[in-house]
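Asker: With the input below, show me the fold.
(chains A and B)
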Amino acid sequence: MKTKIRKIVTFVEETHTEMGQPVNPPTRRAAAAAVIENPFAGKFVQDLSELMEIGEELGALLTERAVAALGIPGASAESYGKAAAVGEDGELEHAAAILHPKLGTPIRKVLGKGAALIPSSKKRGGPGVAFDIPLGHKDAAFVRSHFDGMEIRVNDAPRANEILVAIAVTDSGRPLPRVGGLTKDQIKGQDGLR
Amino acid sequence: MPEVTVRKRVVTVEEIFHEGGPVAAMPLRRAASLAVIRNPFSGKYAEEISGFMDDLKPLGLEMAKSLVASLGGDPKIIEGYGKGAIVGQAGELEHGALWHVPGGYAMRELLGNAKAIVASTKKVGGPGTRLDVPITHINASYVRSHFDSMEVGIADAPRADEILLVLVMTTGPRIHARVGGLKASEIKGEDGLR
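Answerer: As a prediction, the model looks like this:
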């Protein structure tokens, strides 16, 4: 493996009640995050292809970890998202190189489908920085019940020369969705939007 | 006593490969199980609260079991533990103390009557408050290599009328432990201290 990983952290959240209303079955979401060495920390490098390959490795590894944490087959995942936090000696463009060119294909391979764009966010920050992974339905971006986000943080990362890369996967939408819009049983699943 | 109402549960697993030194043959794993419950005593002073400790026992055991499961299912590999609580702002610190007995004894029982006192900490705080849960060896509190801690928290908890309960387990010493002191191999195992 090309990626130099210091640490992998997984998070699983289950919501059982909200505002006194039972959520049955509980909504569940998982995130898997890797703390990796940034090979380009502290210098400007024009060609970022090494980070793109790192993204390809992490796409498979982190998605597998996230669905395993949920205990579901990949095909049962409903929504997904990705994000990266770059340590202070790196650039936002380093996060972009990991997240955008090659991370998505292995994610979709693990999940079986994934017609929709994978929502993403990125930021630069110090150890413990909180970052919000946007979530959207994996086959139809307009499914309103699945517009969501998951905040994660790892208290000792990213160090200055590191990047924290995270993938989130759910088996459900928000706990008590009631703002209308496209529902998951109306998905056509052809264009990734509806 | 009132029933235990769980709003949300979170499990976090960290897998640590190195921290700048040699990559460990066996990565250190730390896991935290968090439960957000309604605080039945919030907003008023109640003299008699201790009966709630019994009500929390099943939750304690369930959380301890989920930790062992998330670390592979074998209780024998657990070497460190700790516990904590964050009380929402309409409650008092004493409500967090209700967790000592059901949280601590659940882990000790599950781990084969572990001898050491379960290290703990607690505080009152708002949503997103972080807690550094202290960790010590399960059979001898003085084992220096196992003094550790794990930072935990949930972005939307505890709300004012909630308590966030935490249990933590680890599978070994700090990843590059090298400051001497009592070793795990030297434990006498009589008094829970050495």
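Asker: Kindly export stretch B:66-84 (C-alpha atoms) in PDB.
Answerer: Taking C-alpha atoms only, stretch B:66-84 is exported to PDB below (Å, rounded to 0.1, in the frame of the first residue of the first chain):
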ATOM      1  CA  SER B  66     -20.700  -3.600  22.500                       C
ATOM      2  CA  LEU B  67     -17.100  -2.600  23.300                       C
ATOM      3  CA  VAL B  68     -15.900  -6.100  23.500                       C
ATOM      4  CA  ALA B  69     -17.700  -6.900  20.200                       C
ATOM      5  CA  SER B  70     -16.300  -3.900  18.500                       C
ATOM      6  CA  LEU B  71     -12.800  -5.000  19.500                       C
ATOM      7  CA  GLY B  72     -13.200  -8.400  18.000                       C
ATOM      8  CA  GLY B  73     -15.400 -10.300  20.500                       C
ATOM      9  CA  ASP B  74     -12.900 -11.800  22.900                       C
ATOM     10  CA  PRO B  75     -12.900 -10.300  26.400                       C
ATOM     11  CA  LYS B  76      -9.400 -11.700  27.000                       C
ATOM     12  CA  ILE B  77      -7.700  -9.200  24.800                       C
ATOM     13  CA  ILE B  78      -9.000  -6.200  26.800                       C
ATOM     14  CA  GLU B  79      -6.200  -4.700  28.900                       C
ATOM     15  CA  GLY B  80      -7.300  -1.200  29.800                       C
ATOM     16  CA  TYR B  81     -10.600   0.500  30.700                       C
ATOM     17  CA  GLY B  82     -12.100   3.800  31.900                       C
ATOM     18  CA  LYS B  83     -15.500   5.500  32.100                       C
ATOM     19  CA  GLY B  84     -17.000   9.000  32.200                       C
END
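Asker: and it, which residues are buried?
Answerer: B:66-68, B:70-71, B:75, B:78-84 (16 or more other C-beta atoms under 10 Å in any protein chain shown). Every residue, glycine included, has its C-beta placed from N, CA and C.
Asker: Out of those residues, which comes closest to residue B:116?
Answerer: Minimum distance to residue B:116 across the buried residues of stretch B:66-84 is 8.2 Å, recorded for residue B:81 (C-beta to C-beta).
Asker: could you say what helices and strands the longest strand seen in chain A packs with?
Answerer: If you go by DSSP state E, chain A has its longest strand at strand A:21-37. Helices and strands touching strand A:21-37, by 3 or more C-beta pairs under 8 Å, 6 or more residues apart in numbering or on different chains; DSSP states H and E, are strand A:5-18, helix A:49-70, strand A:148-152, strand A:162-170.
Asker: burial of residue B:171, as a residue count?
Answerer: A count of nearby residues for residue B:171, using other C-beta atoms under 10 Å in any protein chain shown, gives 19.
Asker: Noted, bye for now.
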